[in-house]
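Asks: With the sequence up front, the predicted model follows.
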Amino acid sequence: MRNIVEVRELRYVYEDGTEALKKIDFELEAGETVALLGANGSGKTTFALHLNGILRATSGSVVIDGIAMSDKTLAEIRRRVGLVFQDSDNQLFMPTVLEDVAFGPLASGKSPEEAAEKANAALTQVGMAHKAGKAPWHLSAGEKKRVAIAGILAGDPKLLVLDEPTTFLDPPGQRGLADLLESLPQAKLLITHDVPFAQRLTERGVFFEAGAIAAKDRIPAIVERFGW
Ligand SMILES: Nc1ncnc2c1ncn2[C@@H]1O[C@H](COP(=O)(O)OP(=O)(O)OP(=O)(O)O)[C@@H](O)[C@H]1O
Ligand SMILES: [Mg+2]
């Protein structure tokens, strides 16, 4: 099976000289779920931002679904990779939930009717169809997270990248999110500090340490080795 993500010798230096990623080699198969674990500041978010080209490698390569990241392929890659930010308030900005979720399909050239259809289907998938007419900022944290995920799903991505999706969610909200993610067929990269959440959704974890991958292993093995 073709890998949905292939990253080779990825290095990234921020403008202030911080070397946030040193030499990352990473691959993910279509449909596979992997957890990214590691200390604050170890480079997980920086890595995630390379997968849809928000950040571009200082050196090394990022290939998504067989397409090498470049200025020319950026739009194509963004259609394949949906990034869900830690804080949903950075993702939701339209007057109603429905308009918010329809925004992506509209921007990619769908007719208003098609975009609304896509948005309604995605809202149904995440269990939020009954909130379609509400203002996004009046939703609870867990509801916002679901709507943000619906906005991503409406674009039919092949890969979902979720940066600390359980932050701000209460335990039932976390379980509900795990149920939802389990029901989605896409490949998933879960950045999380929540070990039980990681363990429930995937066998395989990658442990980041100071901008490098220190281990790729089963979650329990990582927990034991790094005292996580
Ligand atoms: N815009 C920026 N400019 C300069 N340095 C940055 C910037 N963003 C992040 N960094 C630095 O890059 C390194 C990696 O940060 P990153 O946010 O990727 O870590 P993380 O593993 O996601 O951490 P956390 O678990 O706290 O979310 C840190 O040293 C951080 O200070
Ligand atoms: Mg982070």
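Replies: Received, thanks. Ligands and ions are numbered 1, 2, ... in the order given.
Asks: Next up, the contacts around Arg8.
Replies: Arg8 makes contacts with Asp25, Gly60, Ser61, Val63, as judged by C-beta atoms under 8 Å, 6 or more residues apart in numbering. C-beta here means a position set from N, CA and C on the backbone, and glycine is covered the same way.
Asks: Please identify the helix or strand for the first one.
Replies: In this structure, Asp25 sits in strand 19-29 according to DSSP states H and E.
Asks: got it, and the third one?
Replies: Ser61 belongs to strand 59-64 when assigned by DSSP H and E.
Asks: Can you pull the residues of this structure lying near ligand 1?
Replies: 14, 16, 18, 20, 38, 40-46, 208 (C-beta under 6 Å from any ligand atom).
Asks: Buried ones only from those residues, please, as a PyMOL command.
Replies: To isolate the buried ones among the residues of the chain next to ligand 1 in PyMOL, judged by 16 or more other C-beta atoms under 10 Å, type:
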select buried, resi 20+38+42+43+44+45+46+208
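Asks: Report the two of the residues of the chain next to ligand 1 separated the most.
Replies: Across those, the longest distance by C-beta to C-beta is 21.1 Å; it joins Asp16 and Gly38.
Asks: Give me the most central residue, this structure.
Replies: By C-alpha atoms, centre = their mean, the chain has its centre lying nearest to Val161, at 1.4 Å.
Asks: part of a helix, is that one?
Replies: No - assigned with DSSP: H, G, I helix; E, B strand; the rest coil, Val161 falls outside any helix and is strand.
Asks: shouldn't Asp65 be in contact with Arg2?
Replies: Yes - at 7.2 Å, Asp65 and Arg2 qualify as touching, with contact defined as C-beta atoms under 8 Å.
Asks: neighbour count winner among these two?
Replies: With neighbours defined as other C-beta atoms under 10 Å, Asp65 and Arg2 compare such that Asp65 has more, 18 against 8.
Asks: Need phi/psi at the more buried one.
Replies: With angles defined as degrees, to the nearest 10, Asp65 sits at phi 50, psi 40.
Asks: Bridged to Val81, which residues?
Replies: Beta-bridge partners of Val81, counted by DSSP bridges, are Leu159.
Asks: Show the pLDDT at it.
Replies: What the model reports for Val81 is a pLDDT of 96.
Asks: how deep is it tucked in, by neighbour count?
Replies: Per other C-beta under 10 Å, the neighbour tally for Val81 reads 24.
Asks: residues contacting it?
Replies: With C-beta under 8 Å, 6+ apart, Val81 has these contacts: Leu51, Asn52, Ile64, Pro157, Lys158, Leu159, Val161.
Asks: Against ligand 1, how distant is it?
Replies: Distance from Val81 to ligand 1, counting by C-beta to the nearest ligand atom, to the nearest Å: 17 Å.
Asks: on that earlier part again, so of the residues of the chain next to ligand 1, which ones are in helices?
Replies: Lys44, Thr45, Thr46 (DSSP state H).
Asks: OK, contacts around the first one?
Replies: In other words, Lys44. Leu36, Leu37, Gly38, Asp163, Ile191, Phe208.
Asks: quick one, what contacts the nearest residue to Pro105 once chain neighbours are set aside?
Replies: Among residues not flanking Pro105 along the chain, Ala115 sits closest, at 3.9 Å (C-beta to C-beta, 6 or more residues apart in numbering). Applying C-beta under 8 Å, 6+ apart, we find Ala115 in contact with Ala102, Pro105, Leu106, Ala154.
Asks: quick one: which of those residues is nearest ligand 1?
Replies: Ala154 (26.1 Å; C-beta to the nearest ligand atom).
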